[in-house]
Structure formats: C-alpha cells, structure tokens
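Engineer: Compute the structure for the input listed below.
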Amino acid sequence: MKLKELFLSLMFMVLCSTAFAQSMEQLKRNKEALDRQIALAQKNLNKTVSGKKLTLGQISAIKAQVRLMQQKISTINSEMKNLDNQITENTGKVHNLQTRLSELKKEYAGMIRFAQRNRNSYDKMMFIFASKDFNQAYKRIKYLQQFGQYRKKQAAYIQGTEKDLSDRIVILDKDLKNKSSLLKERVGEKSKLDKKKNEQAVVLNRLSKQERQISQDIQRKRKEQDAINKKIRTEIQRIIALERKKEEERAKEEQRLAAAKAKAENRPVPVAPVAKPKTNSELLRATPEAAKLSNAFESNRGSLPAPVANGYITAHFGSYMVDQASAKNDGVTYQTSENAAVRAVFNGEVRSVSTVLGKYFILIRHGEYFTLYQNLKTASVSEGQNVTTKQTIGTAALNEGVAEVSFQVIKGAIAQNPESWLAK
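Structural biologist: Predicted coordinates for the structure are as follows:
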C-alpha cells in the first residue's frame, strides 16, 4: 500500500510538472510575440518621428508600444506567479520526499537487522522444519522468498526516491534562478516603460499644439472610411437583393410544379400560401452551402487568424478619442511592416475588389458573414474567386509613413467586434 501511495504521488507530480511546463512555455511564446510587436512598433515610430508634423501613425505607434510593454510586464508577472507556485510546491515535495526517504531507510534497517539475526541457512531450515504441517512449511518457504524479494525492492526503491529527491532539488534550484532572472527582466522592462511613458507625454504635449491638424486628419480619414462603408453597404444590399430574387424564383418554380402536378392529376390548382418575408440573415444562408459556411465561420469564433502574420492593433472597435477629436472604428486597425502580406481569415468567396483614393479594399463572403480588408497597396485576388484560410489576398499599403491594415467582420449588414472572432 505504501508503494502504491508513493507511485500515485509521483504520477501526480509528473502531471503537475507537465502542466507547469506547458503553461510556462505558452507565457514564453506570448512574451516573444510581444517583443516582436514592440520592435515593429519602434520601427514604425522611427519612420514617423523624422518629420516635424505629428501624424496619427506616430500617435498610434507610441500608444501601442506603451500598451504592449504593459502587457509584457503583466506576462512576466504571470511567469513569476507560476514560478512562485512551483517553488512552493517543489519545496513541499522535497520535504515530503525527505521524510519518506527517512521512513524507508528506517524500515530497511529493520529488515537488515532481522536478516542478520537469521542469516545462516541452518536458522532458515530450522524455521521451516518447525512447521506444524506441510501447508505451514510451504507458506514459510514462500514467506522467506518474498521477504528476500521485498528487501531487494525496498533497496531499489530507496535509490529511486533518492534520485527523485535529487532531481526535485535541481528543479527547485533552477526555478529560484529563473525567478531571479525574471526579477531583473521586470526591473528592466519597467525602466523602459517609464522612459516610453515620458516619450508619450512629450508626444501628447505636441499633440495639444497640433490639435487642429490632427482633427483635420481624423475628418479626412472619416470621409475615406464613410466612402468605403457606403460602397460596402451597397454591395451587401445588392447581394441580399440577388438572394431575395433567387428565393422568389424558387417559390415561383415550386408553385409552377405544384400546379402542373395538380392539373395532371385532375385536381384543383392549390393556392400558394402567403409566405412571410425572409430576413436578411435567412436569405444569406438560404442555400445548404451558405448555411454550412456560416456555421463553420461561427464555430471558429475566437480562433480566426489575424489578417496579418506580424502586427499589432492600434485602433480598437467602437468609438475612441485622439486628444479632443473623436473617431469611430467599425473594425480594428493593425500596424504592420511595409508590403506585409494580407491574408484571408477564413474560407470564402471574394465579392468585391475596389479602390478608394488609390488604395484597395476587398470584401469576402462567408455565407451570412463578410470580412473586409482595407488600405491594401495591391490585390492578388479577383471577384468571384474562392479563397482559403490564410491565403494571401494582397499587401499592406502605407498610411502617413506607416503600413496599416483595417479589418472588419460583418454579419448581414451589422458590424461585429473583430477581436471577439480573432485568436488571442
């Protein structure tokens, strides 16, 4: 029973260690991703600071850097919390193993003393021959055999426990060193964050002096976005109108077939019931193929890939403020590297490839859903083409010296928050 308990305890320790390793590995990957995004933000920032005019791209880049640095510090804190838990757990396991090892050695010492008292074969033979009957003699022989085997197992088990204890002490020492390293890293990141916040304060001070210019930039971008939104709404309404026409034609065809059948059977022609008009949502998923694609898109909510492989969000969904000027975003805006590949986030059909002020935007249909990709320098797909998840559809264009891509998710004709659809 003791061996079984210790075996279960060791198995539990292995499972916990595996879960801890996976958690730490994920945090490490998150931190590396944040490092890449911070470096990209700095690269974009370096492109914009050379001019005297403060740009929206510069404001977005420095705000994104501060946010990403805060996220990195939060990730480091999570790493340290995990390590603290692991250190506490390993310290307890070391104490338990030490206690268990002491008990095993004590038990083994007792077995050795017993064996020494009955070490010669004469004593063993006398022990067997002193049996009352053959059955008892057989049991005594088996006992002596099992005792010898058990003693060997105990010796091997003591060695195994000593090794486990040694390994656990090594892990504990490594965790303590990692914690010390993370403490130094956190201090360094906080110092960088303080410096970046000072830089942000300088930028915001300049922003207050250029409020009129920034307001004009926002108004200009809003007009551009309104022009795109108008085109997209028109295209979606056109698609809905086509689906409604197809639905009416299907109903007429069904009525014609029903009338022909009634006439052939010499029955009165049935009067078609007045059908309730279908909603836009019902029309967009009227066919089995559209319904299947809609369901597949919905089932991937929270796991869709980002429209750019390397980038960071600078403008979130909904209304926001830049100094005293307000703006509204029907999607999210990514800053990325110049000429970065823009990719489809899910399987679908390209329904529109258009331009506004020399920049491409692409609309892809996924059954009832649509995804919109804006501010593209080039487009590598055409209307009517089927695309697959992560397929390149174009490249990112510069916007005031910074490569940006705006992305929207639309259900029917209603804009959704893309961040609830994209993988974290």
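
Engineer: The strand or helix carrying Gln42: what's the following helix or strand?
Structural biologist: Gln42 is part of helix 2-48, with elements assigned from DSSP states H and E. Once the chain leaves helix 2-48, the next helix or strand it forms, by DSSP H and E, is helix 56-117.

Engineer: Mind giving me the packing neighbours of that following helix?
Structural biologist: helix 2-48, helix 134-209, helix 211-264, strand 311-315, strand 332-336, strand 402-411 (3 or more CB pairs under 8 Å, 6 or more residues apart in numbering; DSSP states H and E). The way it works is simple: take the backbone N, C-alpha and C, and place the C-beta from them, glycine included.

Engineer: Show me how far that helix is from its chain's centre.
Structural biologist: Centroid displacement of helix 56-117 relative to its chain, using CA atoms, centre = their mean, to the nearest Å, is 25 Å.

Engineer: would Ala415 count as being in a strand?
Structural biologist: Yes: Ala415: assigned to a strand according to DSSP: H, G, I helix; E, B strand; the rest coil.

Engineer: give me the number of residues near the residue nearest to it when sequence neighbours are not counted?
Structural biologist: Using CB to CB, 6 or more residues apart in numbering and skipping the chain neighbours, the partner closest in space to Ala415 is Asp330 (4.2 Å). The number of residues packed around Asp330, counting by other CB atoms under 10 Å, is 20.

Engineer: swap in the one 10 residues further on?
Structural biologist: Using other CB under 10 Å, Ala340 has 20 neighbouring residues.

Engineer: thinking again about what came up before, wait, the residue nearest to Ala415 touches Ser319, no?
Structural biologist: No: using CB atoms under 8 Å, Asp330 makes no contact with Ser319, being 10.5 Å away.

Engineer: could you redo the helices and strands packed on helix 56-117 as CSV and give each row distance to Pro418, mean pLDDT and mean neighbour count?
Structural biologist: Compiled in CSV, the helices and strands packed on helix 56-117 are given as follows (distance: least, CB to CB, whole Å; pLDDT from 0 to 100; neighbours: other CB atoms under 10 Å):
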stretch, distance to Pro418, mean pLDDT, mean neighbour count
helix 2-48, 17, 68, 15
helix 134-209, 26, 75, 13
helix 211-264, 15, 80, 14
strand 311-315, 9, 89, 23
strand 332-336, 5, 92, 24
strand 402-411, 5, 92, 24
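
Engineer: wait, which of the ones you listed is closest to Lys276?
Structural biologist: helix 211-264 (11.8 Å; CB to CB).

Engineer: what mean pLDDT would you report for the helix or strand following that closest one?
Structural biologist: Next helix or strand after helix 211-264 toward the C-terminus (DSSP H and E): helix 280-284. On average, the pLDDT along helix 280-284 is 85.

Engineer: Can you tell me what sits against helix 280-284?
Structural biologist: Identification of contacts with helix 280-284 by CB atoms under 8 Å, 6 or more residues apart in numbering yields Ile239, Ile240, Glu243, Arg244, Glu247, Ala290, Ser294, Gly367, Glu368, Lys411, Gly412, Ala413.

Engineer: Using CSV, list the CA coordinates for that helix.
Structural biologist: Listed next in CSV are the C-alpha coordinates belonging to helix 280-284 (Å, rounded to 0.1, in the frame of the first residue of the first chain):
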residue,chain,number,x,y,z
ASN,A,280,-31.6,39.3,-44.5
SER,A,281,-29.9,36.7,-42.3
GLU,A,282,-32.2,33.9,-43.6
LEU,A,283,-31.6,35.0,-47.2
LEU,A,284,-27.8,35.0,-46.9
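
Engineer: list the buried ones in it?
Structural biologist: Residues of helix 280-284 classed as buried by neighbour count (16 or more other CB atoms under 10 Å): Asn280, Leu283, Leu284.

Engineer: For the second one, give its distance to Tyr373.
Structural biologist: The gap separating Leu283 from Tyr373 is 24 Å, by CB to CB, to the nearest Å.

Engineer: follow-up on the earlier one: reformat the buried residues of helix 280-284 into JSON lines and put distance to Lys263 next to each item.
Structural biologist: Shown next, in JSON lines, are those (distance: CB to CB, whole Å):
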{"residue": "Asn280", "distance to Lys263": "36"}
{"residue": "Leu283", "distance to Lys263": "31"}
{"residue": "Leu284", "distance to Lys263": "35"}
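
Engineer: Was I right to think Lys105 contacts Glu162?
Structural biologist: No: under the criterion of CB under 8 Å, Lys105 is not in contact with Glu162, lying 9.6 Å apart.

Engineer: what's the neighbour count on Gly318?
Structural biologist: Neighbours of Gly318 (other CB under 10 Å): 13.

Engineer: what's the spacing between the closest residue to it other than its chain neighbours and Leu183?
Structural biologist: Excluding its sequence neighbours, the residue lying closest to Gly318 (CB to CB, 6+ apart) is Asn329, at 6.5 Å. According to CB to CB, Asn329 and Leu183 sit 38 Å apart.

Engineer: so who does Leu27 touch?
Structural biologist: Leu27 makes contact with Thr75, Ser78, Glu79, Asn82 under the criterion CB under 8 Å, 6+ apart.

Engineer: list the contacts for the first one?
Structural biologist: Under the criterion of CB under 8 Å, 6+ apart, the contact list for Thr75 reads Leu27, Asn30, Lys31, Leu34.

Engineer: Quick check: chain neighbours aside, which residue is closest to the first one?
Structural biologist: Nearest residue to Leu27 in three dimensions, chain neighbours excluded: Glu79, at 5.0 Å (CB to CB, 6+ apart).

Engineer: And for the one you found, the neighbour number?
Structural biologist: Glu79: 22 neighbours (other CB under 10 Å).

Engineer: can you check Ser352 too?
Structural biologist: 19.

Engineer: Identify the bridge partners of the nearest residue to it once chain neighbours are set aside.
Structural biologist: Nearest residue to Ser352 in three dimensions, chain neighbours excluded: Leu363, at 4.0 Å (CB to CB, 6+ apart). Partner residues in beta bridges with Leu363, using DSSP bridges, are Ser352, Leu372.

Engineer: For Arg67, see how far away Leu363 is.
Structural biologist: 30 Å.

Engineer: Check His316 too.
Structural biologist: From His316 across to Arg67, the span is 10 Å (CB to CB).

Engineer: Can you work out which residues contact both of those two?
Structural biologist: With CB under 8 Å, 6+ apart as the test, His316 and Arg67 reach no residue in common.

Engineer: and which of the buried residues of helix 280-284 is nearest Ala260?
Structural biologist: Leu283 (26.8 Å).

Engineer: Would you mind measuring from Leu165 to Lys177?
Structural biologist: Relative to Lys177, and taking CB to CB, Leu165 is found at 19 Å.
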